[in-house]
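Chemist: prediction below, plus the sequence it came from.
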Amino acid sequence: MIHNIAHRGASAYEPENTLRAFERAIEMGATMLELDVHLSRDDHPMVIHDADLSRTTNGTGQIADLSLAQIKRFDAGLGERVPTLDEVIDLARGRVKLYIELKGQDAPEQVVKTLQKADFLDQVIVGSFYPWLPQKIKFLEPVIRTSVLIRLEDRQADFVAWTLAVGADYAHPCWERGSNTPHELLTPAISANFRQNGLGILLWHEERPAELCELVKLDVDGICTDKPDLLSEIIQKEQEKTGI
Ligand code: G3P
Ligand code: CA
């Protein structure tokens with residue numbers, strides 16, 4: 001089964017990283033919600049992509065400089081507030097899994113504490129572009145599955161070794177940027193290399209129908225998308241075709 005991972009929720013249709021976007025994503029058939037986390041000044045994991053409020057809310061200032069109560073005053077679009085990780089867990093419980101991307105470098109401890117307290121450890125993947133963050137997550141709580149996001153420009157590096165070195169469970173190639181045909185980049189040899197080393201494979205977000213049709217044919221565990229409705233439809237058609 002390929003996870004339909006709603007990138008920042010159903011972000012093509014709703015304000016990104018809001019409860020509204022996550023609820024809509026579930027309605028559209030997402031099986032996992034991707035979200036970004038920064039810590040507030042008073043150590044609450046807040047679900048927001050940028051380190052500051054200005055692009056996605058009507059506020060200004062750094063998340064790290066503001067308390068939960070201060071952050072909650074701002075509108076994150078259509079009256080939504082910046083959610084806490086706890087609030088997204090409540091929305092997801094028993095319905096979908098979460099893919100938590102650590103943006104704030106100081107977030108691992110509080111994210112682990114939140115997941116432990118919520119008894120949600122086996123319902124998440126925690127990933128980052130900074131491999132030492134998933135490494136820290138594994139050290140703090142080995143049950144949590146982790147992922148390393150790999151940029152296109154790092155392709156020459158031995159990213160399998162890199163992912164294994166930090167004990168991660170998934171490699172997450174982010175290589176459609178700079179390529180019009182990302183499916184051609186995940187060759188059978190590269191996939192086999194991931195698989196032989198016991199790694200899962202997740203893909204960076206994609207919204208073009210033709211490209212998604214090619215990506216769902218690959219040996220991958222999940223695809224991020226801003227349009228979970230489109231990906232649902234394409235996965236279903238592929239399953240009907242292959243009878244799987
Ligand atoms: O699909 C991975 C993606 O979420 C990472 O980039 O910028 O959307 O957080 P970004
Ligand atoms: Ca992200």
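Modeler: Perfect, I can see it now. Just so we're clear, the structure is a prediction, and the values are computed from it rather than from any experiment. Ligands and ions are numbered 1, 2, ... in the order given.

Chemist: can you report how many residues lie near Trp175?
Modeler: One way to gauge burial is a neighbour count; for Trp175, by other CB atoms under 10 Å, it gives 18. For glycine as for every other residue, the C-beta is placed from the backbone atoms N, C-alpha and C.

Chemist: look up how far ligand 2 lies from it.
Modeler: For Trp175, the distance to ligand 2 (CB to the ion, to the nearest Å) stands at 15 Å.

Chemist: next: Asp36.
Modeler: As judged by CB to the ion, Asp36 and ligand 2 stand 5 Å apart.

Chemist: quick one, phi/psi of that residue?
Modeler: In this entry, Asp36 is assigned phi and psi values of phi -110, psi 140 (degrees, to the nearest 10).

Chemist: my guess is it contacts Met46, does it?
Modeler: No: between Asp36 and Met46 there is no contact under CB atoms under 8 Å: 9.3 Å.

Chemist: more neighbours, the two?
Modeler: Neighbours around Asp36 and Met46, counted as other CB under 10 Å, are more numerous at Met46. The numbers are 25 against 20.

Chemist: list the contacts for that one?
Modeler: Each residue near Met46 by CB atoms under 8 Å, 6 or more residues apart in numbering is listed here: 37-40, 63, 68, 71, 82-85.

Chemist: which among these gets closest to Asp158?
Modeler: Within the contacts of Met46, proximity to Asp158 (CB to CB) peaks at Val37, which comes in at 28.2 Å.

Chemist: let me know the pLDDT of Ile150.
Modeler: Listed pLDDT for Ile150 reads 86.

Chemist: can you get me a residue count around it?
Modeler: Count around Ile150 with other CB under 10 Å applied: 21.

Chemist: what of Glu101?
Modeler: For Glu101, the number of neighbouring residues by other CB under 10 Å comes to 22.

Chemist: ok, it - contacts?
Modeler: With contacts taken as CB under 8 Å, 6+ apart, Glu101 has the following neighbours: 34-37, 126-128, 149.

Chemist: let's see it at 7 Å
Modeler: Contacts were defined as CB atoms under 7 Å, 6 or more residues apart in numbering; by that measure Glu101 touches 34-37, 127-128.

Chemist: where do the strands sit along this structure?
Modeler: Per DSSP state E, the chain carries strands over the ranges 3-7, 32-39, 45-47, 97-102, 124-128, 145-151, 170-174, 200-203, 222-225.

Chemist: out of those strands, which comes closest to Val216?
Modeler: If we rank the strands of the chain by CB to CB, the stretch that ends up nearest is strand 222-225, at 7.1 Å.

Chemist: buried residues in stretch 19-36?
Modeler: Applying a neighbour-count criterion of 16 or more other CB atoms under 10 Å, the buried positions in stretch 19-36 are 19-26, 28-36.

Chemist: so which residues on the chain come close to ligand 1?
Modeler: Near ligand 1, the residues belonging to the chain are 7, 34, 36, 49, 101, 149, 174, 204-205, 224 when assessed by CB under 6 Å from any ligand atom.
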